[in-house]
Structures are given as structure tokens and as C-alpha cells.
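Q: model the following, please.
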Amino acid sequence: MRSNARMRDILRATDITGLTDQDVPPPFREVVERGWSVTAAGGRVLAGLRPAVPGLCLDRLAEEATVNGRGMTDYDLPSAPRERTPLLLRRCLAYVCACLREAREEFGDTQVKAYVSLSFADTDEGLLTSNVTFCTPLPDVRPYIPGLEDVTDAAVAEISAEDCSVWR
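A: Numbers count the residues shown, from 1 in each chain. Alright, predicted model coming up:
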């Protein structure tokens, strides 16, 4: 797993062992259950998130990140960062691992990567929020998060299917 310093700090402070599908909120479990599909442009997208009418994207990476990206459910979590952070991270990682496991089964490889970010919302409450997306790095396309290790305004990580084995 590649991550920046902020994410490494959060990971060190959080027990992320024993992730199960029960850590994934029900709407996201439904997305996992619907599996993956391939777009006309060759993009690997979660079937449950695929729009009925495809949008226009500049390249396959943009298409994958746009279709697959979602904020993680957090309305039911405590607002205090000390309590909220580990619960939110567990949800994100459990969802990521379930989706990457399905991608490996569907495509027969581990090319799809997950990207998790945690940051404070620019609202009056300033709650910690998260975003998860999936995309396939391509040799001729700029990375989804260039300079991931240098990001300072959020905790970010790139996660592969292999990374998930240590959390289950």
C-alpha cells in the first residue's frame, strides 16, 4: 500500500484487523454484490454505480474514477474525530477489500486499485469525511493521485487486492 504520512499516522492508531462485510454499510454492500462491468471505452466500473446514460470523460482513468467514486456513509457516526476516524476508516477499508476481491474474481488480475481519502469537510461542523474510488493505473496516463506521498491536505492511500489480505 502506498500512502502519505497522514494516512500512515491514522493507520498506526487504528485497529483494522478482522475487517468483514459487516463493516460495510448496507448500500455499499449492495454495490459490492452487483459486481463489476466494463464500459465501451474499456473502463472497469462497479455495475451498481454505473449511470444509465454514460457521461463524457477525457480518458478511461477519468471514467473509472468518476463512476466508481463515492463518499462513505458517515451520518450515523459520532462527530468527535477520536471516535469517528477509526469507524470511518474501517468502513472504507472493508468496502475497498470487498470490491477489490470482486474485481480480482471478475477480471482475473489485480490491476484495479482503490483510493481512499480522509479529510475535514469545509462546513461549519468540519466533520471528518471520506471518499473511496477505484481505477486501473495505465502506463500512458497520469496517476489518479500524482505525488500521493506528498499530499498534505488529506490522508490518502492507494490500496491493492494484495494489501487487503493482512486486514481480514
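
Q: only C-alpha atoms from now on, for both contacts and neighbour counts.
A: Noted.

Q: kindly list the longest helix within the protein.
A: As assigned by DSSP state H, the longest helix anywhere in the chain is helix 81-107.

Q: please point out which parts of that helix sit buried.
A: 84-103 (16 or more other C-alpha atoms under 10 Å).

Q: just how off-centre is it within its chain?
A: The chain centre lies 7 Å from the centre of helix 81-107; the measure is C-alpha atoms, centre = their mean, to the nearest Å.

Q: what's the answer for stretch 112-120, then?
A: 5 Å.

Q: residue 108 versus residue 95, what's the distance?
A: Residue 95 sits 19 Å away from residue 108, taking C-alpha to C-alpha, to the nearest Å as the criterion.

Q: which intervals of this structure have sub-threshold pLDDT?
A: Residues of the chain meeting the criterion pLDDT under 70: 53-57, 124, 168.

Q: swap in 90 and give it another go.
A: Scanning the chain for pLDDT under 90 picks out the ranges 40-41, 51-60, 62, 120-126, 138-142, 165-168.

Q: do I have it right that residue 159 meets residue 7?
A: No - using C-alpha atoms under 8 Å, residue 159 is not in contact with residue 7, being 11.8 Å away.

Q: which parts of this protein are helices?
A: With DSSP H as the criterion, the chain has helices spanning 5-13, 26-34, 60-68, 81-107, 161-164.

Q: between those helices, which one is closest to residue 46.
A: Closest to residue 46 of the helices of the chain is helix 60-68 (C-alpha to C-alpha; 6.1 Å).

Q: packing partners for the closest one?
A: With contacts defined as 3 or more C-alpha pairs under 8 Å, 6 or more residues apart in numbering; DSSP states H and E, the packing partners of helix 60-68 are strand 44-46, strand 128-135.

Q: who's the residue nearest to the spatial centre of the chain bridged to?
A: In the chain, the residue lying closest to the centroid (C-alpha atoms, centre = their mean) is residue 132, at 2.8 Å. Residue 132 forms beta bridges with residue 70, residue 116, as assigned by DSSP bridges.

Q: coming back round to it: turn the helices of the chain into CSV, columns for distance to residue 52.
A: CSV is the format used below for the helices of the chain (distance: least, C-alpha to C-alpha, whole Å):
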stretch, distance to residue 52
helix 5-13, 35
helix 26-34, 15
helix 60-68, 11
helix 81-107, 21
helix 161-164, 28
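
Q: pretty sure the residue nearest to the centre of the chain contacts residue 66?
A: No - judged on C-alpha under 8 Å, residue 132 makes no contact with residue 66 at a distance of 10.6 Å.

Q: only alpha carbons, please: show stretch 123-130 as CSV.
A: Only the C-alpha atoms of stretch 123-130 are listed here, as CSV (Å, rounded to 0.1, in the frame of the first residue of the first chain):
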residue,chain,number,x,y,z
THR,A,123,-18.5,23.2,6.6
ASP,A,124,-19.4,24.8,9.9
GLU,A,125,-19.3,21.4,11.6
GLY,A,126,-15.9,20.5,10.0
LEU,A,127,-16.6,16.8,10.2
LEU,A,128,-14.1,14.2,9.0
THR,A,129,-15.4,12.7,5.8
SER,A,130,-14.0,10.2,3.3
